[in-house]
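**Student:** Structure for this input, please:
(one chain, ligands or ions: 2)
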Amino acid sequence: MRRPHVTILGGGSWGTAVASIAARNAPTTIWARDEATVEDINTRHINSRYLGDLPINPALRATTDLAQAVAQADVLVLGVPSQACRAVLGEAADHLRPWVPVVSLVKGLEQGSQLRMTEVVSEVLPGHPVGVLNGPNIAREIVQGYAAAATLAMPDQQLAESLQGILRSTMFRVYTSTDVVGVEVAGALKNIFAIATGFGDGLEAGDNTRAMVITRSLRELTRLGVAMGGHEQTFSGLAGMGDLIATCTSPHSRNRRVGIMLAQGKNLDEIAAELKQVAEGVKSSSVVVELAREHGVEMRIAREVDAVINHGQAVVKAYRGLLREAPEHEFHGESW
Ligand SMILES: NC(=O)C1=CN([C@@H]2O[C@H](COP(=O)(O)OP(=O)(O)OC[C@H]3O[C@@H](n4cnc5c(N)ncnc54)[C@H](O)[C@@H]3O)[C@@H](O)[C@H]2O)C=CC1
Ligand SMILES: O=C(CO)COP(=O)(O)O
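**Tutor:** Ligands and ions are numbered 1, 2, ... in the order given. Okay, the predicted model is just below:
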């Protein structure tokens, strides 16, 4: 039987990491808009801009030709930042064969529409089965071959099981789920809370503060996720608790670093210039606050992150403001 061809859209750190795994299991092409990245992957088997000199699978092919990459896809994987997804999918639409499944790797929400990326896929590519792969997955550690796990959520469990075999390796364990909403909301929200954790770390508040922010963030994340239709248990799984732990504690997390740098008094332009990579929480923070309002869910931590990022609030004021609020019952209250 012919092995399915995997096409990944997006030649950044995570698209490259997942493509490198898929290339062990199936013929795999990665589309990147940047010539130098394509050249790097095809000839030197590295992605120096995003992953330094870490070796990636030499079987992986890269191209700047979107039409050609998409036309050969039996499975399409979406790995560009959330605010670029609609435009990239729009360009891909005319070239993609019917019914080809689409898997989103993206952990962001679309500004304006407030949509999750699987919803954007369904709008731009109607009729295609769509799912999401999320979990505690710092790209460079996965390329280095350290053990990790993620959850692939799709409404069709059988399809998820067939894609599981393409996206996993011995060191990258892919679990399945049918809770697309829960897995996807968890992946997007944890970035806002990683920024909040970064605030505490940037203010040198200590380990207890970090643990408090992570744990209370999980409550906030779960409340909104359930209100949006996610299953409660999903939020204690890999895409929820797992990714909160990784992103809120890793020195590699870009969202956490955004929080640290804001606490150090840098502005968003300076931070973007320093990071040179996407930190999805910056753009998703306003969307999360809008969604919380619409669903009637109190999200104090997320509101402070939004206030700092979008309304000029000082980090130290956000921190003190949170501490002034009286705590309620740990599990039944609405306080943070
Ligand atoms: N890096 C990581 O460890 C992980 C990232 N993710 C998620 O994966 C998604 C992609 O992130 P990364 O690969 O980390 O980002 P990145 O910043 O490393 O790379 C982004 C890639 O998208 C491309 N891109 C940006 N705007 C574009 C546009 N308008 N059209 C076409 N290409 C465009 C860039 O050229 C680059 O190749 C994000 O939603 C992120 O949250 C998920 C798990 C792990
Ligand atoms: O999603 C990630 C880890 O699971 C990557 O986090 P950052 O985008 O904050 O680097």
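**Student:** and the closest residue to G12 other than its chain neighbours, what does it touch?
**Tutor:** Leaving aside its sequence neighbours, G12 sits nearest to Y50 (Cβ to Cβ, 6 or more residues apart in numbering; 5.2 Å). The C-beta positions use only the backbone N, C-alpha and C, and glycine is treated the same way. Residues near Y50 by Cβ atoms under 8 Å, 6 or more residues apart in numbering: 11-13, 16, 37, 139, 277.
**Student:** do that again at 10 Å, thanks
**Tutor:** When contacts are counted by Cβ atoms under 10 Å, 6 or more residues apart in numbering, Y50 is found next to 11-17, 32, 34, 37, 40, 139-140, 143, 276-277.
**Student:** which of these are close to ligand 1?
**Tutor:** 11-15, 32, 34, 139, 277 (Cβ under 6 Å from any ligand atom).
**Student:** Show me what from the stretch 101-250 of the chain comes close to ligand 2.
**Tutor:** Within the stretch 101-250 of the chain, the positions lying close to ligand 2 (Cβ under 6 Å from any ligand atom) are 107, 136-138, 191, 194, 243, 246-247.
**Student:** chain center to stretch 291-300: distance?
**Tutor:** The chain centroid and the centroid of stretch 291-300 are separated by 21 Å under Cα atoms, centre = their mean, to the nearest Å.
**Student:** sorry, back to before: out of the residues of the stretch 101-250 of the chain next to ligand 2, the closest to R320 would be?
**Tutor:** When these are compared for distance to R320 (Cβ to Cβ), A194 wins out at 20.6 Å.
**Student:** How is the closest one classified with respect to secondary structure?
**Tutor:** The three-state label given to A194 by DSSP: H, G, I helix; E, B strand; the rest coil is helix.
**Student:** what's the neighbour count on it?
**Tutor:** Applying other Cβ atoms under 10 Å, we find 30 residues neighbouring A194.
**Student:** Go ahead and confirm it touches D243.
**Tutor:** Yes - counting by Cβ atoms under 10 Å, D243 is a contact partner of A194 at 8.9 Å.
**Student:** list residues touching both of the two?
**Tutor:** Contact criterion Cβ under 10 Å, 6+ apart; residues bridging A194 and D243 by contacting each: S253.
**Student:** rewinding a little: secondary structure element for the residue nearest to G12?
**Tutor:** helix 48-51 (DSSP states H and E).
**Student:** just to revisit the earlier point, look up the pLDDT of the residue nearest to G12 for me, please.
**Tutor:** What the model reports as pLDDT for Y50 is 97.
**Student:** if you go through the stretch 1-150 of the chain in chain order, where are the helices?
**Tutor:** Listed from the start of the chain, the stretch 1-150 of the chain has helices (DSSP state H, counting those that start in this stretch) covering 13-25, 35-39, 48-51, 66-71, 82-92, 117-124, 139-143.
**Student:** Output the set of residues of the stretch 51-200 of the chain in proximity to ligand 1.
**Tutor:** For the stretch 51-200 of the chain, the residues in contact with ligand 1 under the definition Cβ under 6 Å from any ligand atom are 79-82, 84, 88, 105-108, 137-139.
**Student:** now the spatially most central residue of the chain, nearest residue through space, not along the chain?
**Tutor:** Central residue check for the chain by Cα atoms, centre = their mean: the C-alpha nearest the mean position is that of K107, 2.5 Å away. Nearest-residue entry for K107: G187, 4.0 Å, with adjacent residues in sequence omitted and distances by Cβ to Cβ, 6+ apart.
**Student:** Show me how far the helix or strand hosting that neighbour is from its chain's centre.
**Tutor:** Secondary-structure element containing G187, defined by DSSP H and E: helix 180-202. In terms of Cα atoms, centre = their mean, the centre of helix 180-202 is found 9 Å from the chain centre.
**Student:** Relative to the whole chain's centre, how far out is the next helix or strand after that helix?
**Tutor:** With elements assigned by DSSP H and E, the helix or strand that comes after helix 180-202 is helix 207-227. Relative to its chain's centre, helix 207-227 lies at 17 Å (Cα atoms, centre = their mean).
**Student:** now swap in stretch 237-253 and tell me
**Tutor:** Its chain's C-alpha centre lies 11 Å from the corresponding centre of stretch 237-253 when counted by Cα atoms, centre = their mean.
**Student:** same question, stretch 277-291
**Tutor:** Relative to its parent chain, stretch 277-291 has a centroid offset of 11 Å by Cα atoms, centre = their mean.
**Student:** what's the average pLDDT for that stretch?
**Tutor:** Model confidence over stretch 277-291 averages 97 on the pLDDT scale.
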